[in-house]
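Q: Coordinates for the following, if possible.
(chains A and B)
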Amino acid sequence: QSVLTQPPSVSAAPGQRVTISCSGSSSDIGNNYVSWYQQLPGTAPKLLIFDNNKRPSGIPDRFSGSKSGTSATLGITGLQTGDEADYYCGTWNSSLSVGVFGGGTKLTVL
Amino acid sequence: EVQLVQSGAEVKKPGESLKISCKGSGYFFTSYWIGWVRQMPEKGLEWMGIIYPGDSDTTYSPSFEGQVTISADKSISTAYLQWTSLKASDTAIYYCVRRVTVLTLDYWGQGTLVTVSS
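A: Residues are numbered from 1 along each chain as shown, chains lettered A, B, ... in the order given. This next block holds a predicted model:
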């Protein structure tokens, strides 16, 4: 059972917008930055969003992140078939001094 | 260009030992923490632990403390993940990651598939 809670799956049509939620506690999300990772089938995860809402170089602005209290959200606009992947949120648990991840959300672009 | 290149896939029997590696290049290896993340078949990501190659300061997730050993050789810019007695439940892909800040993992190795089967 993962520390952070994500929906197992989301789906939307090409061109549409989708959001993925990530819920935690005051020990993790509530007091630390959140990052998001995209894992395309058969590949290693890739950093998508860091420090709640910043995008690394090369990540299109179709991807956005936000955080409020003990929850975070990843938003993807203008969905493309190439966005089909598993998405993970991650942060630090200050009490345990360990990284924690959500269980992952599988995005299907119908 | 920053790269983390991991050692190749391994097939082992229960009870055997194993040490997999992660070689960093394109940056100052001793200046960034290197973590290890497990992904069991068809499952999510799990934090195992982290090491600072500069002084070998290491912390483990409670779930993995005593089960694995994380080490680093800064002279060859390489981090390691080691088991003394593998179990079938250790079958997974193991990723090394570079940690920039807490918890920003900006570069990932390609993953090492470890299969433990009798």
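
Q: and B:Lys23, what does it touch?
A: By C-beta atoms under 8 Å, 6 or more residues apart in numbering or on different chains, the residues touching B:Lys23 are B:4-6, B:76-78. In this view, the C-beta of every residue, glycine as well, is placed from N, C-alpha and C.

Q: Could you see whether chain A lies near the longest strand along chain B?
A: Longest among the strand segments of chain B by residue count, using DSSP state E, is strand B:92-101. Yes. Strand B:92-101 is in contact with chain A by C-beta under 8 Å from any C-beta of the partner chain, via B:95, B:100-101.

Q: Likewise for stretch B:61-81?
A: Yes. Stretch B:61-81 reaches chain A (C-beta under 8 Å from any C-beta) through B:61-62.

Q: List the buried residues for that stretch?
A: Of the residues in stretch B:61-81, B:61, B:64, B:67-68, B:70, B:72, B:77-81 count as buried by neighbour count, 16 or more other C-beta atoms under 10 Å in any protein chain shown.

Q: That one spans what distance, first to last residue?
A: Across stretch B:61-81, the terminal residues are separated by 14 Å (C-alpha to C-alpha, to the nearest Å).

Q: Same check on stretch A:61-71?
A: 21 Å.

Q: pLDDT value on A:Ser2, please?
A: At A:Ser2, the predicted lDDT confidence score is 67.

Q: Run me through the strand neighbours of the helix or strand of chain A with the lowest mean pLDDT, direction for each.
A: Least confident helix or strand of chain A, by mean pLDDT, DSSP states H and E, is strand A:98-101 with a mean of 94. Within its sheet, strand A:98-101 is paired with strand A:85-93 (antiparallel), according to DSSP bridges.

Q: what's the angle from the strand it pairs with to strand B:92-101?
A: Counting by axes from the mean of the first three to the mean of the last three C-alpha atoms, to 10 degrees, strand A:85-93 points 60 degrees away from the direction of strand B:92-101.

Q: Who are the contact partners of B:Thr115?
A: B:Thr115 makes contact with B:9-12, B:91 under the criterion C-beta under 8 Å, 6+ apart.

Q: ok, now how distant is B:Val11 from B:Thr112?
A: 12 Å (C-beta to C-beta, to the nearest Å).
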